[in-house]
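Asker: Next comes the sequence, and after it the predicted model I'd like to discuss.
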Amino acid sequence: MNTDFTFTIKRVSFDEHYHPADSTRITTNFANLARGEKRQENLRNALRMVDNRFNALANWDNPKGDRYSVELDIISVEMDVAGSGESFPSIEILKTNIVDHVTNERIEGIVGNNFSSYVRDYDFSVVLLDHNKNQPQFSVPGDFGDLHGKLFQHFVNSEAYRAHFKKLPVICLSVSDNKVYHRTENQHPILGFEYLANETSLTEQYFKKMGLQVRYFMPPNSVAPLAFYFFGDLLNDYTNLELISTISTMETFQKIYRPEIYNANAVAGKCYKPNLNNADHSITQIVYDREERSRLAKAQGKFAEEHFIKPYQHILEQWSANHA
């Protein structure tokens with residue numbers, strides 16, 4: 001029996017005309033922006049913020065601050081399960097491309113950035129909740145995230161991935177409001193000051209099973225560090241422009257989704273604890289429904305259970321056992 005998976009990669013431009021496809025995870029950050037009466041204005045404003053931030057960071061040979069613009073592609077990864085002929089929407093990530101208006105060159109950016117996955121929704125919204133239903137103290141199942149981690153690494157090592165992308169992905173997330181971060185003396189010209197976390201988190205452990213390690217940096221003129229998840233050597237495997245494309249894109253999204261942290265009026269100090277109840281922050285002019293997003297994560301976790309985990313349980317268990 002064939003117990004392997006094949007991946008199909010589709011890309012859609014994320015621009016002011018973007019409409020989410022029916023198969024798109026609607027909790028995906030960019031899909032949330034692209035709905036409602038302010039849809040086009042939301043998208044235009046977000047993209048302008050990305051370009052402005054990019055030019056502010058890439059300020060050499062850029063006297064007017066308008067040399068570059070960033071183009072974004074939404075990458076949807078569908079998985080054909082064990083030759084069944086049926087595909088399941090598994091992962092959605094973002095790809096940045098940089099346009100240099102001086103040289104008229106189009107430069108590849110970084111793939112990854114934003115990360116969403118139905119199986120991750122299933123793990124966090126179904127498995128974890130069920131496991132802790134009648135437990136006096138919160139705990140995590142021993143095999144939590146194993147299948148998702150193996151599927152992600154299988155995708156990154158696949159021929160489909162290599163055919164589309166030259167470099168390994170970098171995923172950029174918000175810092176956790178459960179942890180304390182300490183600034184170090186390590187400073188990178190683009191990524192800024194490095195921060196160290198006081199403890200590991202469930203998200204870190206989950207991403208570790210995907211093969212990713214994490215480092216925290218606060219770029220110049222940012223107010224809080226970002227979490228960068230990566231393979232290999234984050235500081236040397238990517239060019240300055242590639243790193244700037246990720247920072248400008250993901251910091252913009254975080255200012256919209258987590259303004260209490262990333263649009264705070266005070267800059268993170270040497271010892272920093274993020275606070276989602278921080279009232280001293282500015283709101284962007286971009287409409288976003290955070291409550292709807294958490295509610296939909298549960299619905300999409302159930303969708304993964306019904307259309308992927310349960311129908312293919314035997315195949316998935318067999319495949320996972322063979323991919324130690």
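Answerer: Great, that's in hand.

Asker: how about the helices of the stretch 1-150 of the chain, start to end?
Answerer: Counting by DSSP state H, counting those that start in this stretch, the stretch 1-150 of the chain has helices at residues 29-33, 39-57, 118-122, 128-131, 146-156.

Asker: Adding distance to Leu168 and mean pLDDT, write these out as a markdown table.
Answerer: Yep, even glycine has a C-beta here, placed from its N, CA and C like the rest. Shown next, in a markdown table, are the helices of the stretch 1-150 of the chain (distance: least, C-beta to C-beta, whole Å; pLDDT from 0 to 100):
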| stretch | distance to Leu168 | mean pLDDT |
| --- | --- | --- |
| helix 29-33 | 22 | 57 |
| helix 39-57 | 22 | 89 |
| helix 118-122 | 19 | 92 |
| helix 128-131 | 28 | 90 |
| helix 146-156 | 6 | 94 |
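
Asker: So what touches stretch 102-109?
Answerer: 61, 67, 70-71, 95-100, 166, 241-242, 245-246 (C-beta atoms under 8 Å, 6 or more residues apart in numbering).

Asker: hmm, 10 Å instead?
Answerer: Contacts with stretch 102-109, where a contact means C-beta atoms under 10 Å, 6 or more residues apart in numbering, come from 54, 61-62, 66-68, 70-73, 94-100, 165-167, 170, 238-239, 241-246, 248-249.

Asker: Return the subset of those residues lying in strands.
Answerer: Among the contacts of stretch 102-109, the members falling in strands are 68, 70-73, 94-100, 170 (criterion: DSSP state E).

Asker: what stretches of the stretch 1-150 of the chain score poorly on pLDDT?
Answerer: 1-3, 19-39, 82-83 (pLDDT under 70).

Asker: again, 80 this time
Answerer: Low-confidence segments of the stretch 1-150 of the chain (pLDDT under 80): 1-4, 15-42, 82-86.

Asker: How about the stretch 151-300 of the chain?
Answerer: 283-296.

Asker: Contacts only, for Gln187.
Answerer: Per C-beta under 10 Å, 6+ apart, neighbours of Gln187: Phe193, Glu194, Phe217, Met218, Pro220.

Asker: what's the answer for Ser87, then?
Answerer: Ser87 neighbours (C-beta under 10 Å, 6+ apart): Phe5, Thr6, Phe7, Thr8, Ser23, Val77, Glu78, Met79, Asp80, Val81.

Asker: again with Leu129
Answerer: Lys298, Gly301.

Asker: how close does it get to Glu86?
Answerer: From Leu129 across to Glu86, the span is 27 Å (C-beta to C-beta, to the nearest Å).

Asker: separation between Asp15 and Gln300?
Answerer: 25 Å.

Asker: Equivalent analysis for Tyr161, please.
Answerer: Taking C-beta to C-beta, one finds Tyr161 at 23 Å from Gln300.

Asker: okay, the two: which has more neighbours?
Answerer: Taking neighbours as other C-beta atoms under 10 Å, Tyr161 and Gln300 compare with Gln300 leading, 23 against 18.
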